[in-house]
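# my questions concern the predicted model and sequence given below.
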Amino acid sequence: MEDRGARPKSRASSHKSPDWTIELRLWKVKWSYTDRDQELLHLCSKLTDLEDRSHRNNVRFLGFLEGIEGTDILSYLRDTLPKLADITFDPPLEFQRVHRLGLNRQNGKDRPRPIIACFLRHGQVRQLLQMSRRQGPLRLGPLEIRLSADFSKETADRRRAFLSLRPLLRHLDVKFALFEPARMWITKNGELRTFYDPEDLKTFLEGLHDPTQPMESATQPPQDTQNQTRGMGQPEIALDTDGRPTTDPQTRGRDLERLTKSVDDRGQVLQAVAMHTQLSDRDKSQSPLKP
């Protein structure tokens, strides 16, 4: 009789073993998922920084009418820009390339496409941008020509988000300044703080409405900005009514499959980003031009 009673117990323990194995594998995949998310954020942040550095010799010009440059846009900009900015460049201006952005627009009522110029010397880029900040738009007859630095899409989005907070900053009587590539300095009650994430700045400003709330420190940059890694989110895991992972073997098996595929996809993204970073570093080391 005792032997018969022991057999079901053995079967029950054997049934629990696969469930325990699935649960263990599920947690391993979850931890691996988190580690790869952090690594992917770091690589995407580094990739954005490399892209911004590759654009540091670029300047965007807004306001030049379509066709005003004739057939040689490089020569037109080289001859017109010193007179327009009233600057004597020594040595003379030299460009690596100049072109308009976007498709050619046949309709004359459309806004003219911006011109982007890649300068040979970074010092001339800084000279032009500093002059533009002091004097504002340049005048070419009835036209207003505006100059701006060129950034990656992620950095441009962060700068746009910072600038959208200007009305709130003025309302709270907070002095501010936006620096390149995308960091905001603010001064309140004699305290200077630096923000690298627009959401952190927004949260901080909302806290200023309550004078009893302490000022949170935001002087340290985020470990991996950007805030902005595309396609990244936490994996969905089926839960029971008590909020714990479900004990159903089939459901946990599907969760394990989905998590494993998600980790594999992120592994491919990591390899692609790492390869792009290596190529960028190699091209930079082989470039004959000094930054």
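Okay, I see it. Numbers count the residues shown, from 1 in each chain.
# so where's this structure uncertain?
Low-confidence segments of the chain, defined by pLDDT under 70, span residues 1-18, 105-109, 209-291.
# can you show me the helices along it?
Counting by DSSP state H, the chain has helices at residues 2-54, 73-85, 122-135, 153-163, 166-171, 198-207, 249-286.
# for stretch 138-145, list the C-alpha coordinates in CSV.
Coordinates of the C-alpha atoms in stretch 138-145 are reproduced here as CSV (Å, rounded to 0.1, in the frame of the first residue of the first chain):
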residue,chain,number,x,y,z
LEU,A,138,21.4,88.1,-42.5
ARG,A,139,19.9,90.5,-45.1
LEU,A,140,20.1,89.7,-48.8
GLY,A,141,18.0,92.4,-50.4
PRO,A,142,14.4,91.7,-49.2
LEU,A,143,15.4,88.2,-48.0
GLU,A,144,16.2,87.1,-44.5
ILE,A,145,18.9,84.4,-44.4
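# in that stretch, which residues are buried?
By neighbour count, and taking 16 or more other C-beta atoms under 10 Å as the criterion, the buried residues in stretch 138-145 are 138, 145. (Each C-beta comes from the backbone N, C-alpha and C, glycine too.)
# what does stretch 84-97 give?
Judged by neighbour count using 16+ other C-beta under 10 Å, the buried positions of stretch 84-97 are 84-85, 89, 93, 95.
# what is the burial count for L62?
Using other C-beta atoms under 10 Å, the number of residues around L62 comes to 15.
# contacts only, for the residue lying closest to it once chain neighbours are set aside.
Nearest residue to L62 in three dimensions, chain neighbours excluded: R146, at 4.4 Å (C-beta to C-beta, 6 or more residues apart in numbering). Under the criterion of C-beta atoms under 8 Å, 6 or more residues apart in numbering, the contact list for R146 reads 61-63, 132, 137-138.
# now D72: how far from Q96?
Using C-beta to C-beta, to the nearest Å, D72 is found at 15 Å from Q96.
# what does L168 give?
As defined by C-beta to C-beta, L168 lies at a distance of 40 Å from Q96.
# how about V125?
Remark: distance between V125 and Q96 (C-beta to C-beta) = 12 Å.
# and what of I186?
37 Å.
# pull the number of nearby residues for the closest residue to E51 other than its chain neighbours.
Spatially, and ignoring its direct neighbours in sequence, E51 is nearest to S152 (4.1 Å; C-beta to C-beta, 6+ apart). Using other C-beta under 10 Å, S152 is surrounded by 19 other residues.
# and what of F179?
F179 sits with 10 neighbouring residues when counted by other C-beta under 10 Å.
# report how many residues lie close to D157.
A count of neighbours around D157, defined by other C-beta under 10 Å, yields 16.
# now swap in S45 and tell me
Neighbours of S45 under the rule other C-beta under 10 Å: 20.
# got it, and the one 3 residues further on?
Residues contacting T48 under the criterion other C-beta under 10 Å number 23.
# touching, L120 and F95? I think so.
Yes - counting by C-beta atoms under 8 Å, L120 sits close enough to F95 to count as a contact (6.4 Å).
# and P137, what does it touch?
63, 144-146.
# so can I have a markdown table of these showing distance to N57?
Shown next, in a markdown table, are the contacts of P137 (distance: C-beta to C-beta, whole Å):
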| residue | distance to N57 |
| --- | --- |
| G63 | 21 |
| E144 | 24 |
| I145 | 19 |
| R146 | 19 |
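# out of those, which are inside strands?
144-146 (DSSP state E).
# could you dump the residues you listed to CSV with distance to I22?
What follows is those, written out as CSV (distance: C-beta to C-beta, whole Å):
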residue, distance to I22
E144, 66
I145, 65
R146, 60
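# what residues does R159 make contact with?
151, 178, 181-182.
# try it again with 10 Å
If a contact means C-beta atoms under 10 Å, 6 or more residues apart in numbering, then R159 has 149, 151, 178-184, 198 as its contacts.
# about what we covered before: now, which of the buried residues of stretch 84-97 sits nearest F162?
In terms of C-beta to C-beta, no member of the buried residues of stretch 84-97 lies closer to F162 than A85, at 27.0 Å.
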